[in-house]
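Peer 1: sequence unavailable; structure follows:
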């Protein structure tokens, strides 16, 4: 029995196609860790971990998640031989550690992404490196991710399967409109979010023929600067389907999101990545263009304004990752590759 663990919106998006592929083929139960509680009404799960219950008050948010995961009820692990965690969240790390303490094998989905800088992104880079150290199976999106793990000498078996998020996009059609889609939220940018917003707003002022739109992230460190976006359409956060529709129709993107690098590449959209470094360098210079400082945004913007179309193979997968993973797990865990 595999225990599938997730609790944030990005985890849910990337795990859902895998669960569909596993249904009726590989036995599993699911544990929802509840960081994004608004998902509860839209998903089915077997266990719900209440973050903070039975934990000392006064600890910070990350400590609360760690303690809650490590104090999980033992019945959750009954008959579980493997636990699957995705990505680099604090709950993924904590549940992997809880499984390790119990001798349960760990499967790491989206393994091997690296910046080798614990501050960028913090704390995710540390979490994903620590998960890799104790994982038995590493499911890597790309050859570069596999090479990272091989260089690190991790003890688990590693295999390239692509990124499951792309399985959601195989039937999405791409067009190029007059909208520049903006998303900004990353912790590393909170200290200069004001400068990013000023730069973006000035581009909107100088280019009235284009429509700038930002689904505003609810984090207070982002929201407090929204009044600077006088010439940008500020809207409520999109659900996933709406976000994909907006990406597929926009001209190009300005974003500090890591995941959008994957989706925009698959949909052949260029994205200015507002970060100093990325754990997804495979698309840099093709679909993705790095912008480490707000002062550099203007130059990059004008280099893409009339040179926005692209038709290149996505380096992160082909939309069949879940199928590939299920076939691999059937062979690896159960010794057969047939349904």
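Peer 2: Okay, I see it. Predicted model only: the values in this text are computed from it and were never measured.

Peer 1: in this structure, which spans are helices?
Peer 2: Assigned by DSSP state H, the helices in the chain fall at 9-22, 61-70, 90-101, 124-134, 143-152, 193-206, 220-223, 240-249, 259-266, 297-305, 321-334.

Peer 1: include distance to residue 167 and mean neighbour count when you put those helices into TSV, please.
Peer 2: Every residue, glycine included, has its C-beta placed from N, CA and C. Below are the helices of the chain laid out as TSV (distance: least, Cβ to Cβ, whole Å; neighbours: other Cβ atoms under 10 Å):
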stretch	distance to residue 167	mean neighbour count
helix 9-22	4	20
helix 61-70	27	18
helix 90-101	20	23
helix 124-134	21	20
helix 143-152	17	17
helix 193-206	32	18
helix 220-223	29	14
helix 240-249	12	17
helix 259-266	10	25
helix 297-305	28	16
helix 321-334	5	18
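
Peer 1: so can I have CSV of these showing mean pLDDT and distance to residue 2?
Peer 2: Below are the helices of the chain laid out as CSV (pLDDT from 0 to 100; distance: least, Cβ to Cβ, whole Å):
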stretch, mean pLDDT, distance to residue 2
helix 9-22, 93, 8
helix 61-70, 81, 17
helix 90-101, 93, 11
helix 124-134, 96, 16
helix 143-152, 98, 21
helix 193-206, 98, 40
helix 220-223, 93, 36
helix 240-249, 96, 24
helix 259-266, 96, 24
helix 297-305, 97, 43
helix 321-334, 95, 8
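
Peer 1: select, out of those, the one closest to residue 112.
Peer 2: Nearest of the helices of the chain to residue 112, taken as Cβ to Cβ: helix 143-152 at 2.9 Å.

Peer 1: distance-wise, check residue 301 relative to residue 211.
Peer 2: In this view, residue 301 and residue 211 are 14 Å apart by Cβ to Cβ, to the nearest Å.

Peer 1: got it, and residue 321?
Peer 2: 33 Å.

Peer 1: kindly report the same for residue 23.
Peer 2: 41 Å.

Peer 1: more neighbours: these two, which one.
Peer 2: More neighbours surround residue 211 than the other of residue 23 and residue 211, with 16 against 10 (other Cβ atoms under 10 Å).

Peer 1: quick check: the more buried one touching residue 181?
Peer 2: No. Under the criterion of Cβ atoms under 8 Å, residue 211 makes no contact with residue 181, lying 9.3 Å away.

Peer 1: care to break the protein down by domain?
Peer 2: The chain resolves into domains spanning 2-167+319-334, 179-305 when parsed by automatic domain parsing.

Peer 1: burial of residue 29, as a residue count?
Peer 2: 17.

Peer 1: same check on residue 257?
Peer 2: Quick note: residue 257 (other Cβ under 10 Å) scores 21 neighbours.

Peer 1: give me the pLDDT for it.
Peer 2: pLDDT recorded at residue 257 is 93.

Peer 1: what's the spacing between it and residue 297?
Peer 2: For residue 257 relative to residue 297 (Cβ to Cβ), the value is 16 Å.

Peer 1: do the same with residue 185
Peer 2: From residue 185 to residue 297 the distance is 16 Å (Cβ to Cβ).

Peer 1: try residue 252
Peer 2: 13 Å.

Peer 1: got it, and residue 87?
Peer 2: Taken as Cβ to Cβ, the span from residue 87 to residue 297 is 27 Å.

Peer 1: and if you look at residue 279?
Peer 2: 21 Å.

Peer 1: got a pLDDT number for residue 54?
Peer 2: So residue 54 comes in at 54 (pLDDT).

Peer 1: quick check: residue 300 touching residue 270?
Peer 2: No. Taking contacts as Cβ under 8 Å, residue 300 lies outside contact range of residue 270: 9.9 Å.

Peer 1: what's the burial count for residue 24?
Peer 2: The burial count for residue 24: 7, using other Cβ under 10 Å.

Peer 1: for stretch 133-143, which positions count as buried?
Peer 2: 134-142 (16 or more other Cβ atoms under 10 Å).

Peer 1: now do the same end-to-end measure for it.
Peer 2: 18 Å (Cα to Cα, to the nearest Å).

Peer 1: centre of the chain versus it, how much separation?
Peer 2: 16 Å (Cα atoms, centre = their mean, to the nearest Å).

Peer 1: check stretch 171-184 too.
Peer 2: For stretch 171-184, the distance from its own C-alpha centre to the chain's C-alpha centre is 19 Å (Cα atoms, centre = their mean).

Peer 1: pull up the distance across it, start to finish.
Peer 2: Span of stretch 171-184 from end to end, Cα to Cα: 27 Å.

Peer 1: next one: stretch 159-168
Peer 2: 21 Å.

Peer 1: what residues does that stretch touch?
Peer 2: 13-18, 109-110, 137-143, 145-146, 240, 244, 259, 262-263, 266, 314, 316-322, 324-325, 328 (Cβ atoms under 8 Å, 6 or more residues apart in numbering).

Peer 1: quick check: mean pLDDT of that stretch?
Peer 2: pLDDT averaged over stretch 159-168 gives 97.
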